[in-house]
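Colleague: could you work out the structure for the sequence below:
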Amino acid sequence: MTPQHGSRRAAFAGTWYPDDPQTLGAFVDRCLVPADVPFSPVLGVISPHAGVMYSGAVAGRAYASLRPSFTTARPDDWSPPEVVVLVGPSHSVAFHGAALAPDRHFETPLGPLKHDARLVEELASRPGIHLDSTVHAREHALELQLPFLARVLPEVPVVLLLMGRQTRSEVDRLAGSLTEVLRGRRALLVASSDLSHYHDRKTAARLDAVVLECIERFDPDRLQSALEASSQHACGGGPIVAVMRTARALGATRSKVLQYADSGDVSGDVERVVGYVSAALGGGA
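Modeller: From the prediction side, this is the model:
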């Protein structure tokens, strides 16, 4: 039986995002602007993970795409996913494989999100996936997604995975494992990633355009090759590729970039920017 832990505290509440529920809730609501998603269902999204002051508006477009009331695609038979699987990069700890959070609950100022114990157990039995609460304890990449999920899909359980070394073989193995355990489930995938870091705006836009084009074309193979050619494109490039490949294997046929921006839009500093993208993956045959 997979070991189960208690609750993961919200380590970045009060710094990277507000810790007051009313303030945070109002901010997230302002970010959830209608998204132009011309297909249904949405099986996956890509979202940034900077402090919400900088990337919240971009992230909000991704999460708005998850509910018909915020999108242009409004199926009458919409129902929430059974589980949300989040995949992001480890920024401070290097390791092989993927680290799975064993916590039963994930605290947010907007209320806790529970995990899917059965799916955690299944994933923990797969090669290259291990349980590690310490890697998750001080990692922001996935925590920054949770307030949006707490607002949009508060009753849906979540599963959190962090990637260490984002090699092609690691990405392929994780995508294969996710495809196997999620097939037949109504799952939503979330890839957490910022884009280029600390270039001037013109250089950042040129680097980020490579990622945007691969997403828009729904071409994870080309994106993987671009990431191997340059590490400057995206800190969570591996998670993006893994989520794109898994979404395709589970039936997604299209992708759509929803918004691109950089930190200079908020800070005013266009000499050292971080790029942000939100996107939706989905559709059907």
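
Colleague: what about dumping the CA coordinates of stretch 221-229 to PDB?
Modeller: Presented in PDB, the C-alpha positions along stretch 221-229 are these (Å, rounded to 0.1, in the frame of the first residue of the first chain):
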ATOM      1  CA  ASP A 221       8.300  16.000 -31.000                       C
ATOM      2  CA  ARG A 222       9.500  19.300 -32.500                       C
ATOM      3  CA  LEU A 223       9.300  20.900 -29.100                       C
ATOM      4  CA  GLN A 224      11.400  18.200 -27.500                       C
ATOM      5  CA  SER A 225      14.000  18.700 -30.200                       C
ATOM      6  CA  ALA A 226      14.000  22.400 -29.700                       C
ATOM      7  CA  LEU A 227      14.500  22.000 -25.900                       C
ATOM      8  CA  GLU A 228      17.400  19.700 -26.600                       C
ATOM      9  CA  ALA A 229      19.000  22.300 -28.800                       C
END
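
Colleague: now do the buried residues in that stretch.
Modeller: Within stretch 221-229, the residues scored as buried using 16 or more other C-beta atoms under 10 Å are Leu223, Gln224, Ala226, Leu227. Every C-beta, even on glycine, is put in place using the N, C-alpha and C of the backbone.

Colleague: what does stretch 44-61 give?
Modeller: Neighbour-count burial for stretch 44-61 [16+ other C-beta under 10 Å]: 44-50, 52, 54-61.

Colleague: excluding residues flanking it in the chain, which one is nearest Thr223?
Modeller: Thr isn't right for residue 223; it's Leu. Cys214 (3.7 Å; C-beta to C-beta, 6 or more residues apart in numbering).

Colleague: give the other helices and strands that the helix or strand containing that neighbour contacts.
Modeller: Using DSSP states H and E, Cys214 sits within helix 201-216. On a contact count with 3 or more C-beta pairs under 8 Å, 6 or more residues apart in numbering; DSSP states H and E, helix 201-216 meets helix 220-229, helix 237-249, strand 254-262, strand 273-282.

Colleague: partner strands of the shortest one, parallel or antiparallel?
Modeller: When sheet partners are counted by DSSP bridges, strand 254-262 sits next to strand 273-282 (antiparallel).

Colleague: first to last residue in stretch 141-159, what's the distance?
Modeller: 14 Å (C-alpha to C-alpha, to the nearest Å).

Colleague: revised request: answer the last question for stretch 159-179.
Modeller: So stretch 159-179: terminal residues 14 Å apart, C-alpha to C-alpha.

Colleague: what residues sit buried inside it?
Modeller: Using 16+ other C-beta under 10 Å as the test for burial, stretch 159-179 gives 159-164, 166, 170-171, 173-179.

Colleague: in helices, which of the residues you listed fall?
Modeller: Glu170, Val171, Arg173, Leu174, Ala175, Gly176, Ser177, Leu178, Thr179 (DSSP state H).

Colleague: in contact with the third one, which residues?
Modeller: So that's Arg173. Arg173 makes contact with Gly97, Pro127, Gly128 under the criterion C-beta atoms under 8 Å, 6 or more residues apart in numbering.

Colleague: how much space separates the residue nearest to Leu223 from Ala62?
Modeller: 17 Å (C-beta to C-beta, to the nearest Å).

Colleague: these two - which one has more neighbours?
Modeller: Neighbours per residue, other C-beta atoms under 10 Å: of Cys214 and Ala62, the larger number sits with Ala62, 29 against 24.

Colleague: run the chain-centre distance for the helix or strand the more buried one falls within.
Modeller: In the assignment (DSSP H and E), Ala62 maps to helix 52-64. Averaged C-alpha coordinates place helix 52-64 at 11 Å from its chain's average position (C-alpha atoms, centre = their mean, to the nearest Å).

Colleague: contact partners of it?
Modeller: Residues outside helix 52-64 that contact it (C-beta under 8 Å, 6+ apart): 16-18, 27-28, 30-35, 45-49, 70-71, 144-145, 147-149, 151-152, 190, 194, 258-261, 263, 266-267, 274, 276-280.

Colleague: burial of the closest residue to Pro112 other than its chain neighbours, as a residue count?
Modeller: Nearest in space to Pro112, with sequence neighbours left out and distances taken as C-beta to C-beta, 6+ apart, is His105 at 4.3 Å. Using other C-beta under 10 Å as the criterion, His105 is surrounded by 17 other residues.
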